[in-house]
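> structure for the following, please:
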Amino acid sequence: MRRSNVLVVDDEELYRRALERILVRCGHAVTTARDASEAMTAVSAEPLDLVLCDVRMPGISGLELVRQIREIDPDLPCIVMTGYDSVEHSVEALRSGAFWYLHKPFEGSLDVVRRLVEQAIEHRRLRTENRLLQSQLRSRYRFDNIVGQSAALRGVLELVDKVADSDSTVLVTGESGTGKELIARAIHYNSRRADRLLVSLNCGAIPEELLESELFGHVKGAFTNAVAQREGRFAAADGGTIFLDEIGDMSPNLQVKLLRVLQDRSFEPVGSSKTQRVDVRVIAATNQNLEDAIRRGVFREDLYYRLNVIPIEVPPLRRRKDDIPLLVQHFLDRLTAEKGRAIEGITEAALARLADHDWPGNVRELENLMERLVVLRREGMIDLGDLPPAFRRRDASSDAASVPTMGADGIDFNAVVDRLETQLIVQALEQTGGNKNRAAQLLGLNRTTLIEKIKKKGLDAAGRSEPAAVPPGVSIS
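The predicted model follows:
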């Protein structure tokens, strides 16, 4: 059984220390409190797996403490300790929400204490896991949830169908916004691991110094602010699947540790020398060219071959334009229901203009645009006039990219480059609804570089010109 965090609450030091010794010998981390006030501070300070509390304490009673704890965390089991061996007290403890009760003194019943503690902690684990499973099942991604009928998409789904029921590692590649996580979910929920957890982690969204702990967990005191033991994503996914998105952003140091998990199915939590084994299927995804990253020395070649057992490339939307009408209708149906709008559909002219677009942001860009149209239109038919300016200008892309004719007197090179740069930034901001992170990705820029250019050019997040002066306290970032 894994190490768990247990809180013991008793105003009598003799019983507190006795229980602490029993629980530590069982391999648990123990925090103690003398009354309900100290106990509530401990509950708020760190994640707990179990609380043992005495019934009779100064101030708030143990039964009232159980009720308060359950208001904060309904799944946290509480075992009530009482010196009164009566049916009435036992029933009252269970009615207050206690998992079970123990009678003092504990002499001769140490095995009973140990077994009851293990049962309560296992109950906590199962309740938490079932809650996560139910949440996932409500939004389960099977093939029916992947919209499209193009030949490019059918080829991907046929491959997914072939590999889903194996335990082979899968590397899903494709541009940002193509739906790589949908493919990972389809693989998991059509596999024999479907009744266990699918745990997702975006490796690019977590600072390097925290990512190791997220992946493998840590023990109490492993680093500053590690006030309690924490389970990592690999341990949480034991028996199921872990989806590692943006795997190309992982540091070389962590790449070595991930390679070990793939080879041996084992790891050590941060700050621990104890090896933990897991049975996990790994699905990784990236929008980067990992072979190029290997040549640049930023990605390990041996890890690449371990991940790339079954490669699946998700095609960009510009290569599956036959799916655009289906996707548009799918998003309209869902968003009109979610937003409470009365959108009747989209005109042929507007749909044709959407089909002509290259969609650098892929399906995510299309979904964001449809949400914008549904919210702003509210009712009736979406028409050409409802589309953003970049879509209404038929030749917007070619106009923005056109090269001016060189006159006899030459040309103002810097002015032309500045104008073209401004047009590209405006297009990126319009297509992403002002999201600077995604706009920077479309332009191949760092986010900070893009923000500096926006400030310099006096553009707001939607690509409109701003007044030269910015009011005090207002930040464009």
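> surely R230 touches H218?
Yes - if you go by C-beta atoms under 8 Å, R230 and H218 touch, sitting 5.5 Å apart. C-beta: built from backbone N, CA, C; applies to glycine.
> right, and the helix or strand after the helix or strand bottoming out on mean pLDDT in the chain?
Lowest by mean pLDDT, DSSP states H and E among the helices and strands of the chain is helix 396-401, with a mean of 44. Using DSSP states H and E, the helix or strand that follows helix 396-401 in sequence is helix 413-431.
> which residues in the stretch 351-477 of the chain form strands?
Assigned by DSSP state E, counting those that start in this stretch, the strands in the stretch 351-477 of the chain fall at 379-382.
> which neighbouring elements make contact with the host helix or strand of R67?
Following DSSP H and E, one finds R67 within helix 62-72. Helix 62-72 sits against helix 36-45, strand 50-54, strand 78-82, helix 87-95, with contacts defined as 3 or more C-beta pairs under 8 Å, 6 or more residues apart in numbering; DSSP states H and E.
> which segments of the chain make up each domain?
5-135, 139-315, 318-387, 388-477 (automatic domain parsing).
> could you dump those into JSON lines with mean neighbour count added?
Output for the domains of the chain, formatted as JSON lines (neighbours: other C-beta atoms under 10 Å):
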{"stretch": "domain 5-135", "mean neighbour count": "17"}
{"stretch": "domain 139-315", "mean neighbour count": "18"}
{"stretch": "domain 318-387", "mean neighbour count": "17"}
{"stretch": "domain 388-477", "mean neighbour count": "14"}
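> okay, I476: pLDDT?
I476 is assigned 32 on the pLDDT scale.
> my bad, should have said R140
For R140, the predicted pLDDT is 47.
> do the same with the one 3 residues further on
Note for F143: predicted pLDDT of 61.
> next one: A152
89.
> rewinding a little: quick check: angle from the helix holding R67 to strand 78-82?
180 degrees (axes from the mean of the first three to the mean of the last three C-alpha atoms, to 10 degrees).
> kindly format the C-alpha coordinates of helix 62-72 as CSV.
What follows is helix 62-72 as a C-alpha-only set of coordinates in CSV (Å, rounded to 0.1, in the frame of the first residue of the first chain):
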residue,chain,number,x,y,z
GLY,A,62,-15.1,15.1,17.4
LEU,A,63,-18.5,14.5,15.8
GLU,A,64,-18.9,18.2,14.9
LEU,A,65,-15.3,18.1,13.6
VAL,A,66,-16.3,15.2,11.3
ARG,A,67,-19.3,17.2,9.9
GLN,A,68,-17.0,20.3,9.2
ILE,A,69,-14.4,18.2,7.5
ARG,A,70,-17.0,16.5,5.3
GLU,A,71,-18.2,20.0,4.2
ILE,A,72,-14.7,20.7,2.9
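> shaky segments in the stretch 151-300 of the chain?
Low-confidence segments of the stretch 151-300 of the chain (pLDDT under 70): 227.
> need the helices for it, in chain order.
Remark: helices assigned in the stretch 151-300 of the chain by DSSP state H, counting those that start in this stretch are 151-163, 180-189, 208-216, 233-236, 252-264, 290-295.
> can you list those helices in a markdown table and add distance to R306?
Output for those, formatted as a markdown table (distance: least, C-beta to C-beta, whole Å):
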| stretch | distance to R306 |
| --- | --- |
| helix 151-163 | 16 |
| helix 180-189 | 17 |
| helix 208-216 | 16 |
| helix 233-236 | 15 |
| helix 252-264 | 5 |
| helix 290-295 | 12 |
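> and these: which comes nearest L387?
When the helices of the stretch 151-300 of the chain are compared for distance to L387 using C-beta to C-beta, the nearest one is helix 151-163, at 24.8 Å.
> so what does the closest one touch, helix or strand wise?
So helix 151-163, by 3+ C-beta pairs under 8 Å, 6+ apart, packs with helix 180-189, strand 310-313.
> what residues does the last one touch?
Contact partners of strand 310-313, identified using C-beta atoms under 8 Å, 6 or more residues apart in numbering, comprise 156, 159-160, 163, 166, 168-174, 183.
> could you rerun that using 6 Å?
If you take C-beta atoms under 6 Å, 6 or more residues apart in numbering as the criterion, strand 310-313 is touched by L159, V163, S168, V170, L171, V172, T173, G174.
> okay, those residues in a markdown table with distance to V416 next?
Shown next, in a markdown table, are the contacts of strand 310-313 (distance: C-beta to C-beta, whole Å):
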| residue | distance to V416 |
| --- | --- |
| L159 | 46 |
| V163 | 50 |
| S168 | 52 |
| V170 | 46 |
| L171 | 42 |
| V172 | 41 |
| T173 | 36 |
| G174 | 34 |
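> filter those residues down to the ones in strands?
Among the contacts of strand 310-313, the members falling in strands (DSSP state E) are V170, L171, V172, T173.
> and the pLDDT at the closest residue to the last one other than its chain neighbours?
Counting by C-beta to C-beta, 6 or more residues apart in numbering, the nearest residue to T173 once its immediate chain neighbours are dropped is E313, at 5.0 Å. At E313, the predicted lDDT confidence score is 96.
> what separation do you get for E313 and L159?
For E313, the distance to L159 equals 9 Å [C-beta to C-beta, to the nearest Å].
> give the contact list for R318.
D358, W359.
> in three-state terms, label it for me.
helix (DSSP: H, G, I helix; E, B strand; the rest coil).
> off-centre distance for stretch 446-462?
From the chain centre to the centre of stretch 446-462 is a distance of 28 Å (C-alpha atoms, centre = their mean, to the nearest Å).
> quick one: contacts of stretch 275-294?
In contact with stretch 275-294 (C-beta under 6 Å, 6+ apart) are residues 167, 169-173, 175-176, 180, 184, 234, 237-239, 241-245, 247-248, 265-266, 268, 299, 301, 304, 307.
> go ahead and confirm A36 touches I60.
Yes - between A36 and I60 there is a contact under C-beta atoms under 6 Å: 3.7 Å.
> rewinding a little: to D383, which of the helices of the stretch 151-300 of the chain lies closest?
Taking the helices of the stretch 151-300 of the chain one by one with C-beta to C-beta, helix 151-163 is closest: 28.2 Å.
> the inter-axis angle of the closest one versus helix 180-189?
30 degrees.
> how far off centre is helix 151-163?
For helix 151-163, the distance to the chain centre is 25 Å (C-alpha atoms, centre = their mean).
> mind saving the C-alpha coords of it as PDB?
Written as PDB, here are the backbone C-alpha positions of helix 151-163 (Å, rounded to 0.1, in the frame of the first residue of the first chain):
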ATOM      1  CA  ALA A 151      -9.900  10.300 -46.700                       C
ATOM      2  CA  ALA A 152      -7.100  11.800 -44.600                       C
ATOM      3  CA  LEU A 153      -9.100  11.500 -41.300                       C
ATOM      4  CA  ARG A 154     -10.400   8.000 -42.200                       C
ATOM      5  CA  GLY A 155      -6.900   6.800 -42.600                       C
ATOM      6  CA  VAL A 156      -6.000   8.000 -39.100                       C
ATOM      7  CA  LEU A 157      -9.100   6.500 -37.500                       C
ATOM      8  CA  GLU A 158      -8.400   3.100 -39.200                       C
ATOM      9  CA  LEU A 159      -4.900   3.200 -37.600                       C
ATOM     10  CA  VAL A 160      -6.300   4.100 -34.200                       C
ATOM     11  CA  ASP A 161      -8.700   1.200 -34.500                       C
ATOM     12  CA  LYS A 162      -5.900  -1.200 -35.200                       C
ATOM     13  CA  VAL A 163      -3.600  -0.100 -32.300                       C
END
